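Colleague: sequence first, then the predicted structure, then my questions.
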Amino acid sequence: MRIRIDYDRCTGHGRCYTLAPGVFGCDDSGFGQVRSDGEVEPDLVREAKLAEGNCPEQAVIVDE
Ligand code: SF4
């Protein structure tokens, strides 16, 4: 599974890195950043999907 952030939508709410700190960090302005090259390790899939479902802007994009 791969994950990315659509920066045309992201407004920096921070829910992704709050709910899924193993998958996301943030930049100096509070916008989410995917920690890896986009590939989600199996033990982080649950976190990643939680972030996808809770981003207020639907900016977390999962490619199964
Ligand atoms: S939760 Fe969504 S809008 Fe907020 S920082 Fe993460 S990707 Fe951006």
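Modeller: Alright, I've got the coordinates.
Colleague: helices or strands up against the lengthiest helix in the chain?
Modeller: Counting by DSSP state H, the longest helix found in the chain is helix 45-54. Secondary-structure packing of helix 45-54 (3 or more Cβ pairs under 8 Å, 6 or more residues apart in numbering; DSSP states H and E): strand 2-5, helix 15-19, strand 60-63. Placement of C-beta: from N, CA and C, glycine included.
Colleague: so which residues make contact with that helix?
Modeller: 1, 3, 15-16, 19-24, 40, 60-62 (Cβ atoms under 8 Å, 6 or more residues apart in numbering).
Colleague: list the buried residues in it.
Modeller: 47, 48, 49, 50, 51, 52 (16 or more other Cβ atoms under 10 Å).
Colleague: and those, which is closest to the ligand?
Modeller: residue 51 (6.7 Å; Cβ to the nearest ligand atom).
Colleague: most tightly surrounded among the helices and strands packed on helix 45-54?
Modeller: helix 15-19 (a mean of 20; mean count of other Cβ atoms under 10 Å).
Colleague: measure residue 36 to the ligand for me?
Modeller: 15 Å (Cβ to the nearest ligand atom, to the nearest Å).
Colleague: distance of that residue from residue 3?
Modeller: 8 Å (Cβ to Cβ, to the nearest Å).
Colleague: for the two, list the residues in contact with both.
Modeller: Common neighbours of residue 36 and residue 3 (Cβ under 8 Å, 6+ apart) are residue 23.
Colleague: what residues does this structure put near the ligand?
Modeller: 5, 10-16, 31-32, 55, 57, 59-60 (Cβ under 6 Å from any ligand atom).
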